[in-house]
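K.L.:
the following comprises the amino acid sequence and a computationally predicted model.
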Amino acid sequence: MTPRPGPELPRPTRRGLLAGGLALGASLGASMTLPGCAYIRDDVPTDAPLPPSAKAEVDGDLVYFNWADYLAPSVLKGFQREYGVKIIESNFDSMEGMYAKLAAGNQYDIVFPIAKWVVKLRQEGKLRSIDPAELRNADQVFYSGSYFNDPWYDAGSKVSVPFTVYKTGVGWRTDKVSTMTDSWKDLWNDEARGRIFTLDDQDEALAMAALILGYDVNTAKQSELDDIKDLLISQKEYLRAYSSDDINNMTSGDAWIHHMWSGDFLYLRQGLADDPTQFDFQAPSEGVPINSDAYAIPTNARHPGTAMLFIDYLLRPENAVKNMNYLYYPFPVKDALPAFAELAKDVPACNVEISDLENENVFRLLGTDEVQRRSAVWTEVKAS
Amino acid sequence: MAVQEVSQEVTPERGRRPRSAQRTSLWGWLLALPTAWMVAFFVSSMAIIVLLSFGRTTNDGYPAFATSTANYRAIWNEVYLELFLRSLTYAVATVVISALIAYPVAYTIALHGGRYKNALIAAIVVPFFASYLVRMYAWKALLSDDGLVNSGLRRSGLTDGITFLNTPYAVIGGLVYGFVVFMILPVYASLERLDTSLIEAGKDLYHGPVRTFFSVTLPATRAGLYGGVLLVFLPALGDFVSAQLLGGANTFMMGNLVQQQFAEGQNWPLGSALTVGMMAALTALMVVYLRATSTRRREA
């Protein structure tokens, strides 16, 4: 057998490899500075005209981007069955993570930003308009006089549809603690010293201290931040840890008093506890932060029509009820509200009223220097 | 540079022999992929971190390249120094405990494992295929106040329960559990290569297993130990998962600080400067460590 002549290949020299590699590295590095190509960049986006709304009609499978486990599986299944489409799910574990992926150009059909991130995404032209006329169940959230016709985070409700609303308060073990005073100062309770948790969340922790001191929850004034820092450091001797795993910390017996979210508390009490009367929740009298999540459709979504149908499907009261019974967070869907009031009837403090939404304690979108000043204080509290 | 020139001078001579030329070109091509990979993803990402450490954050929250030294001035903060010392303490404790666990385990397997050696090593390695994060969560379930361990203790009547979680001990425990395998494997490898007649000779000479261990076994397996120390120390020092899941209000580590800057803090440039600063400090420590260990090795 004669050997078959192989193709002539130039032998790469090591130096050649190195040069080629460096060029590749340099071009990657350079592309990072090109606007629009990636996350790191220099240009300042301006208020762009809003991209038009899509029609509610199937235009492909739904690429869905949400917190993990943040909708009832039965509802997701129902949508796939009814419209004959697949739901391709990805998850984020923080708003910063979600934003970084959107900013890097990843394409999703539906996202679930917290209110202040709606402001940011809308400002940067990253969200499509959503025309309520396309949604058969629009009047469930956009009825006449609804707060959501013009929420603080989306003027004229152009790019978002409300998803859930919630508040932050204090949960505690009624069998361990008997001296609660309906105040945020209960997070300094002597009975529970060493078994108190504060949420590992910059906005929530600073807001809790700000409310005690009578400051705006979004404060970035250095003198006020210094007071907040001193107050939070004084709490450390009472604390067991900073953690946002509020449900597990309570069920595991590690926490007797926990700075926590209303929906998590309701799930803990109604959905997990052997003896629900062991747990109670208060919305402290100094005021509480109110927050809301929304549905939104990114500008670069490939299947915005399916996303519109999906939003419409979730606005059906029966689906909102299913989601509430799974998540224990209230959905501001008109005909589903009585069902939530029933779910929260033993802990009315977990319910979120429209009047709560109109209060001032919402987390607004702050400027970079403000965020960094707040972060420096929060870091120092945790590190000291 | 010098190395490359030498290799180029050498290769044409080898080229006369066809077989070896083929082998060289094959190796060249096989090298291309890892080199490209390292440059594209390792070197350039390090370069971006270094560049970004002189950067700033734009008004709308994006990191941007710049030529500012503000981030480096900001890391000279005594709170950060305290954190670094705390992280260092945790990492050193992790290394010491890992070595104390690794020696008996590796020694038993290497010298008394017989035909089960490989199975025993596999039994140690396989749990590490499960994600570190998942194993930390499992620890939470085990060690919580009403968890399995504490309910067992309470039932046995020994104590009312012990607070394990959210303490420095839990953080160090998590780090040891997370990284001990990186100590066991190199120590095992050097024990495997050890000539057992040396140990027997040692027993004759020094009388007693303890003196034999310190005068014969330990010096002979130094290389494995030195490797293990680095492999455990470096990831333990930069870790943030253990402190986040098992730690308390006073166990914040350097890793948590850096992670904070890249997430909620919206300050990638400061996070990058902290990373570069930490790398510089670690490099200095490494140089001292490698100098010390190589001198000792020459003596041995």
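P.N.:
Nice, thanks for sending it over.
K.L.:
contacts and neighbour counts: CA atoms only from here.
P.N.:
Will do.
K.L.:
is any residue of the helix or strand containing residue B:47 near chain A?
P.N.:
For residue B:47, the host element (DSSP states H and E) is helix B:44-52. Yes. Helix B:44-52 reaches chain A (C-alpha under 8 Å from any C-alpha of the partner chain) through B:44, B:48.
K.L.:
cool, stretch B:61-78 as well?
P.N.:
Yes. Stretch B:61-78 reaches chain A (C-alpha under 8 Å from any C-alpha) through B:61-65.
K.L.:
gap between the residue in the stretch 101-250 of chain A positioned nearest to chain B and residue A:207?
P.N.:
Distances between the stretch 101-250 of chain A and chain B by C-alpha to the nearest C-alpha are smallest at residue A:241, namely 4.1 Å. To residue A:207, residue A:241 is 18 Å away according to C-alpha to C-alpha, to the nearest Å.
K.L.:
before we move on, back to that, quick check: the residue of the stretch 101-250 of chain A closest to chain B is in a helix.
P.N.:
No. If the criterion is DSSP: H, G, I helix; E, B strand; the rest coil, then residue A:241 is strand and not within a helix.
K.L.:
quick one: name the residues of the stretch 251-384 of chain A near chain B.
P.N.:
Counting by C-alpha under 8 Å from any C-alpha, the residues of the stretch 251-384 of chain A close to chain B are A:252-254, A:367-369, A:371-372, A:375-376, A:379-380, A:382-384.
K.L.:
residue ranges of the strands in the stretch 51-200 of chain A, please?
P.N.:
A:62-67, A:87-92, A:110-111, A:160-173, A:196-198 (DSSP state E, counting those that start in this stretch).
K.L.:
highest mean neighbour count out of those?
P.N.:
Counting by mean count of other C-alpha atoms under 10 Å in any protein chain shown, strand A:196-198 has the highest mean neighbour count of those, with a mean of 28.
K.L.:
got a list of contacts for whichever helix or strand comes after that one?
P.N.:
Where DSSP H and E defines the elements, the next helix or strand beyond strand A:196-198 is helix A:202-213. For helix A:202-213, contacts defined as C-alpha atoms under 8 Å, 6 or more residues apart in numbering or on different chains pick out A:168, A:184-185, A:198-199, A:216-219, A:228, A:231-232, A:286-289, A:363, A:374-375, A:378, B:264.
K.L.:
stretch B:140-157 too?
P.N.:
Under C-alpha under 8 Å, 6+ apart, the answer for stretch B:140-157 is A:252-254, B:159-165, B:245-246.
K.L.:
ditto for stretch A:302-312
P.N.:
Contacts of stretch A:302-312 (C-alpha under 8 Å, 6+ apart): A:54-63, A:79, A:107-110, A:130, A:134-138, A:161, A:295, A:297.
K.L.:
now the buried members of these.
P.N.:
Among these, those scoring as buried are A:54-58, A:60-63, A:79, A:107-110, A:130, A:134-135, A:137-138, A:161, A:295, A:297 (criterion: 16 or more other C-alpha atoms under 10 Å in any protein chain shown).
K.L.:
can you tell me which helix or strand of the chain has the lowest average pLDDT?
P.N.:
I'll assume chain A. Here the helix or strand of chain A ranked lowest by mean pLDDT, DSSP states H and E is helix A:14-31, holding a mean of 39.
K.L.:
and the two most separated of the contacts of stretch B:140-157?
P.N.:
Of all pairs drawn from the contacts of stretch B:140-157, the greatest distance, 25.0 Å, lies between B:159 and B:245 (C-alpha to C-alpha).
K.L.:
show me which residues of the stretch 101-250 of chain B sit near chain A.
P.N.:
Counting by C-alpha under 8 Å from any C-alpha, the stretch 101-250 of chain B sits next to chain A at B:141, B:144-147, B:166, B:244, B:247-250.
K.L.:
where's residue A:303 relative to residue B:69, distance?
P.N.:
Separation of residue A:303 from residue B:69 (C-alpha to C-alpha): 45 Å.
K.L.:
of those two, who's got more company?
P.N.:
For the pair residue A:303 and residue B:69, the greater number of neighbours falls to residue A:303 (22 against 13), based on other C-alpha atoms under 10 Å in any protein chain shown.
K.L.:
now do the phi/psi pair for that one.
P.N.:
With angles defined as degrees, to the nearest 10, residue A:303 sits at phi -130, psi 60.
K.L.:
how about residue B:41?
P.N.:
Backbone torsions for residue B:41, taken as degrees, to the nearest 10, come to phi -110, psi -20.
K.L.:
relative to residue B:206, how far out is it?
P.N.:
53 Å.
K.L.:
rewinding a little: burial measure for the residue of the stretch 101-250 of chain A closest to chain B, as a count.
P.N.:
Counted with other C-alpha under 10 Å, residues neighbouring residue A:241 total 30.
K.L.:
try residue B:129
P.N.:
7.
K.L.:
what helix or strand does residue B:100 sit in?
P.N.:
With DSSP H and E as the test, residue B:100 turns up in helix B:78-112.
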